[in-house]
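Peer 1: Need coordinates for the below:
(one chain, ligands or ions: 1)
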Amino acid sequence: MPTPAHSAWGINTTAVHAGRDDLTDLGVHALPIDLSTTNPLPGVERGGQAYETLATGGRPSAADGTHVYRRLWNPTVGRFEDAVARFEPCTFSGEDTEAVAFGTGMAAIAAVVLSRVKAGRPHVVGIRPLYGGTDHLLEHGLLGTHVTFTDVHGLPAAITEHTGLVVIESPGNPTLELIDISEVARIAGEVPVMVDNTFATSVLQRPLELGAAFSVHSATKYIGGHGDAMGGVVITSSAHAQALRQVRAITGGLLDPMSAFLMHRGLPTMPIRVQHQQANAAALAAWLASQSSVARVFYPGLAACDPHGLVGQGRQMAGGGAMVSIAMGGGFDAAASLASRLRLVLHAVSLGGIDTLIQHPAALTHRPVAAAAKPGQGVLRISVGLEDPEDIIADFAQALA
Ligand SMILES: *Cc1c(COP(=O)(O)O)cnc(C)c1O
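Peer 2: Here you go, the predicted structure:
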């Protein structure tokens, strides 16, 4: 639990120190990795009590004397969760936010959806565009949900007494549309709103402060930041967190402790990575906008992409982020040719890592999305990395020439 002194820290101090409160007592400086799949039991009675607490989504207490089994709880994952929660501090009925970590971003999103089905409200309202995997999960109805896709204007009519969740993403994937989170939360009323905060990151946007109930991240992206670990986190109230931990214990979605260690190790540099990648993205977006073969540049930091001042007036997001998308005037052929001519920039899916990546959403990440909602064939999505901006721009210049 965050103490008042901790929540007074700035984001860089939080990034460096959060989730390390017990290290001095343990007599260590680096984050310990606990790989135990099972744990010694202090006795049948107390062991059984600990099992009961953890399997129903509770957090362990010192009195339990055991974590029983790794699927129920792992201390390395727990430290990472404590750290992530502190990036989006908030209180719900006097209780601080908690984070719950999963093996992937999709496992995190599936757990949020399942927890709402369990609450007896299986109808989900989604506002497109969404990440292709999320769109697919909702459209498929695999978890017993049925979905209505709409836009912000259609939201009041789409919500029924069975609606258990409103799902949004801002900036949206892949064309980086901005959605007013406060407005959606106001319209949704008592229906919880889940914001996929992967693209914005906790550094630039904190949805819970704007009225969302769940802030979800694919930790595979900016939180991990190095392209070598997969994970997902949900930051939410302690009541929702308990329900999510129960889903996680039952379905087996716990984050792997090695990945938790790698991602926790990368957290101290997340604010500076994101700020620096954002500056590179702004420079690249401005340069791309001056190219005649590029029909459109989608970047939340450009006034044309931010009609309501959600970025420009700082009402929602502290900057345009580090993702840029473009629509090539020459359609699919021009997009495919650009993707294959780049040399420094890697043609690959995923995002949020230290190196610049480019991919074609209609063919790849958004392949399962219904035709009417699919991004254009000329659209390419760029995750801008930490290289020198002149080198990124020079690579695009040679590829477009
Ligand atoms: C990648 C991604 C996901 C899914 O995360 P995984 O870790 O790949 O399961 C969800 N939402 C967004 C916006 C993403 O970019």
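
Peer 1: Let me see the contact set for whichever residue of the stretch 151-300 of the chain sits closest to the ligand.
Peer 2: Using C-beta to the nearest ligand atom, the point where the stretch 151-300 of the chain gets nearest to the ligand is residue 218, with a distance of 3.0 Å. (Each C-beta comes from the backbone N, C-alpha and C, glycine too.) Shown in contact with residue 218 (C-beta atoms under 8 Å, 6 or more residues apart in numbering): 104-106, 108, 131, 196, 198, 231-232.

Peer 1: Up against the ligand, what does the stretch 101-250 of the chain have?
Peer 2: Taking C-beta under 6 Å from any ligand atom as the test, the list of the stretch 101-250 of the chain residues beside the ligand reads 104-106, 131, 133-134, 169, 173, 196, 198-199, 218, 220-221, 230, 232.

Peer 1: Farthest-apart pair in those residues, please.
Peer 2: 169 and 230 (19.0 Å; C-beta to C-beta).

Peer 1: Of the two, which one has the most company?
Peer 2: Here residue 169 and residue 230 are set side by side on neighbour count (other C-beta atoms under 10 Å), and the busier one is residue 169, at 25 against 22.

Peer 1: what's across from that one in the sheet?
Peer 2: Under the criterion DSSP bridges, residue 169 forms beta bridges with residue 196.

Peer 1: SS state for the residue nearest in space to the middle of the chain?
Peer 2: Taking C-alpha atoms, centre = their mean, the centroid of the chain lies closest to residue 217, which sits 1.6 Å from it. Remark: residue 217 carries the secondary structure label strand [criterion: DSSP: H, G, I helix; E, B strand; the rest coil].

Peer 1: can you check residue 29 too?
Peer 2: Secondary structure state of residue 29, per three-state DSSP, is coil.

Peer 1: who's in contact with the residue lying closest to it once chain neighbours are set aside?
Peer 2: Nearest residue to residue 29, sequence neighbours excluded (C-beta to C-beta, 6 or more residues apart in numbering): residue 23, at 6.6 Å. Residues touching residue 23, when contacts are defined by C-beta under 8 Å, 6+ apart, comprise 29, 31-32.

Peer 1: So which of those residues wins on neighbours?
Peer 2: Ranked by neighbour count under the definition other C-beta under 10 Å, the contacts of residue 23 are headed by residue 31 with 18 neighbours.

Peer 1: Got phi/psi on that residue?
Peer 2: Dihedral angles phi and psi of residue 31 (degrees, to the nearest 10) take the values phi -70, psi 120.

Peer 1: what about the closest residue in space to residue 148 that isn't next to it in sequence, how many residues close to it?
Peer 2: With C-beta to C-beta, 6+ apart as the criterion, residue 148 has its nearest non-adjacent residue at 4.6 Å, and that residue is residue 158. Counted with other C-beta under 10 Å, the neighbours of residue 158 add up to 20.

Peer 1: what about residue 158, distance to residue 142?
Peer 2: Taken as C-beta to C-beta, to the nearest Å, the spacing of residue 158 relative to residue 142 amounts to 21 Å.

Peer 1: cool, and residue 382?
Peer 2: With distances taken as C-beta to C-beta, residue 382 is found 31 Å from residue 142.

Peer 1: neighbour-wise, which of those two wins?
Peer 2: Shown here are residue 382 and residue 142; by other C-beta under 10 Å, residue 382 has more neighbours (26 against 11).

Peer 1: Tell me the first helix or strand C-terminal of the helix or strand containing residue 239.
Peer 2: Residue 239 belongs to helix 238-251 when elements are defined using DSSP states H and E. Note on helix 238-251: by DSSP H and E, the next helix or strand toward the C-terminus is helix 257-266.

Peer 1: quick one: average confidence on that next one?
Peer 2: Across helix 257-266, the average pLDDT comes to 98.

Peer 1: Residue 387: neighbouring residues, count only.
Peer 2: 17.

Peer 1: Just the pLDDT for residue 3.
Peer 2: Confidence at residue 3, expressed as pLDDT, is 36.

Peer 1: Revised request: answer the last question for residue 92.
Peer 2: The predicted local distance difference test score for residue 92 is 87.

Peer 1: Mind listing the residues bridging to it?
Peer 2: The bridge-partner assignment for residue 92, based on DSSP bridges, gives residue 95.

Peer 1: how close does it sit to the ligand?
Peer 2: When distance is defined by C-beta to the nearest ligand atom, to the nearest Å, residue 92 is 23 Å away from the ligand.

Peer 1: ok, back up a step: could you measure the residue nearest to residue 29 against the ligand, distance?
Peer 2: To the ligand, residue 23 is 27 Å away according to C-beta to the nearest ligand atom.

Peer 1: Wait, a helix at residue 295?
Peer 2: No: the assignment for residue 295 (three-state DSSP) gives strand, which keeps it out of a helix.

Peer 1: How many residues are close by it?
Peer 2: Other residues within reach of residue 295 by the criterion other C-beta under 10 Å amount to 16.

Peer 1: who touches the closest residue to it other than its chain neighbours in this structure?
Peer 2: The shortest distance from residue 295 to any non-neighbouring residue, by C-beta to C-beta, 6+ apart, is to residue 329 (4.1 Å). Remark: with contacts taken as C-beta under 8 Å, 6+ apart, residue 329 is in contact with 292-295, 378.

Peer 1: Residue of this structure nearest the ligand, please.
Peer 2: Using C-beta to the nearest ligand atom, the point where the chain gets nearest to the ligand is residue 105, with a distance of 2.3 Å.

Peer 1: need the contact list for that residue.
Peer 2: With contacts taken as C-beta under 8 Å, 6+ apart, residue 105 has the following neighbours: 133, 198, 216-221, 230-232.
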